[in-house]
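Student: using only what follows, build the 3D model:
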Amino acid sequence: MIDEIIQKFRSFRSKWQEFLKKHHEWYMDHARQRKLIIFGVLVTSMIGLLIGTRFVPSKSRFQDTPIRTGLSFGKNNNATISMDSRKYNANQKFMVIKFTVKSDGSHPIDPKYVSFKAVTLEGQDTKYQVLPLANSQYILLLSNLSKGYKAIQIKAINHQPSVDNSTMDTEAALDVTDSSSSSSSESTKNDPVTKDGVNFVINEDNKFIDNKLVKLSQKDYAVQSLTQSIKILNKRIDKQYENIESFQKQIVADKNAIQAAEKDRQYQVDQSDTDNQIASAKADIKFQESSIKQSRKLINTLNDQIDLYRKQIMDVESGKYKFKKPVSADSLR
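Tutor: Numbers count the residues shown, from 1 in each chain. This next block holds a predicted model:
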């Protein structure tokens, strides 16, 4: 029994030594191949890093301007301007940027006093067009914009003359636009608002690349914006009709309450509480009637604006409405 165990141990040791010998011979014979493999892996990794840095956009030293953030735009009328969206078709080499200008209803900004200037960090033969649209919206269309532009700076300038507020009617007009821009909170050391305009910075980034983005004509962008504005105003009109229906129901409820109070009043010695209830209901009826009047006035205003938008669509489609010509973008120095 012991001899059998010793024999198995010797057989195992012999096979193990033979395995180690063969492994050592293979290790020595393939030393060159291993070195070549390790070298190849290192070279491939370096090439991959170089390619990655070539195709991943590099950030500029300029800070991105937040989307949908209102920035002060003008010395008076509490105007703000915001960059609402930016999309870039890298394959077709164009970018579409939308801006919105907001001001109080009594001091609107005339689009003819608003101008834009675009520059690129890396010099490119880029062209840009400014398309004034409805609701004080503007589209900036940059063409022939290749990858590697690094950053774009857009300066918006309000040339409208200052107005002395003391000579103006302080009652705000009805606002027929859809307000969505928020106010800028606090300035930083890189404050984009300057004495001669507002600077917007767009750093090159893959996040807003949309290679399915279709480049429209000037007419199509304008008609698209106007059509969307009409849809928004129609929704507001529908809302006003809903409000009128609610106001009318409240008036019916107030009248029923008055009738019930007057019926019970004849059985009361102290009628002061009932008199107050009736007076309150009558006051509420006047308030609801005033609200109905304001809603109908706003509906008329919105319908008038829709008619103007439809006329503007006809002028755009007929060619009566003239657009600004393309302007070359400069290199940012």
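Student: helix, strand or coil for the spatially most central residue of the chain?
Tutor: Central residue of the chain (CA atoms, centre = their mean): D84, 3.0 Å from the mean position. At D84 the chain is in strand, as set by DSSP: H, G, I helix; E, B strand; the rest coil.
Student: for it, give me the pLDDT.
Tutor: Looking at D84, its pLDDT is 92.
Student: when you give positions from now on, start the count at 400
Tutor: In the new numbering, first residue 400, that becomes D483.
Student: who are the contact partners of it?
Tutor: Residues near D483 by CB atoms under 8 Å, 6 or more residues apart in numbering: I466, R467, K497, F498, T499, Q536, S580. Where you see a C-beta, it was placed from the backbone N, CA and C, and this is true even at glycine.
Student: so what touches stretch 646-658?
Tutor: Against stretch 646-658 from outside (CB under 8 Å, 6+ apart): Q676, I677, A680, K681, D683, I684, Q687, E688, S690, I691, S694.
Student: report the buried residues of that stretch.
Tutor: Applying a neighbour-count criterion of 16 or more other CB atoms under 10 Å, one finds F646, I650, D653, A656, I657 buried in stretch 646-658.
Student: and for stretch 488-506?
Tutor: For stretch 488-506, by 16+ other CB under 10 Å, it's 488-489, 492-502, 506.
Student: residue boundaries of the helices in the chain?
Tutor: Along the chain, the segments classed as helices by DSSP state H run 401-428, 430-454, 617-664, 671-717.
Student: ramachandran angles for the nearest residue to I480 once chain neighbours are set aside?
Tutor: Once flanking residues are discounted, I480 sits nearest to F472: 4.0 Å by CB to CB, 6 or more residues apart in numbering. With angles defined as degrees, to the nearest 10, F472 sits at phi -140, psi 80.
Student: for stretch 487-506, what is the average pLDDT?
Tutor: Computed over stretch 487-506, the mean pLDDT rounds to 87.
Student: then stretch 417-432?
Tutor: 64.
Student: and the nearest residue to N488 once chain neighbours are set aside, what's its pLDDT?
Tutor: Spatial nearest neighbour of N488, chain neighbours left out: L612 (4.3 Å); criterion: CB to CB, 6+ apart. Note on L612: pLDDT of 94.
Student: I'd guessed L612 sits against N490; true?
Tutor: No: L612 is not in contact with N490 according to CB atoms under 8 Å; the separation is 9.3 Å.
Student: determine which two of the buried residues of stretch 488-506 are furthest apart.
Tutor: A489 and H506 (40.6 Å; CB to CB).
Student: can you get me a residue count around the closest residue to T626 other than its chain neighbours?
Tutor: In this structure, T626 finds its nearest non-sequential neighbour in I712, 7.2 Å apart by CB to CB, 6+ apart. Counted with other CB atoms under 10 Å, residues neighbouring I712 total 20.
Student: which residues does I712 contact?
Tutor: A621, V622, L625, T626.
Student: from those residues, keep the buried residues only.
Tutor: By 16+ other CB under 10 Å, the contacts of I712 give A621, V622, L625 as buried.
Student: quick one: which of those is nearest to V518?
Tutor: Closest to V518, out of all of these and judged by CB to CB, is A621, at 25.3 Å.
Student: list the beta-bridge partners for A550.
Tutor: With DSSP bridges as the criterion, A550 is bridged to N602.
Student: make sure it is actually in contact with Q523.
Tutor: No: checked against CB under 8 Å, the pair A550 and Q523 is beyond contact range at 11.7 Å.
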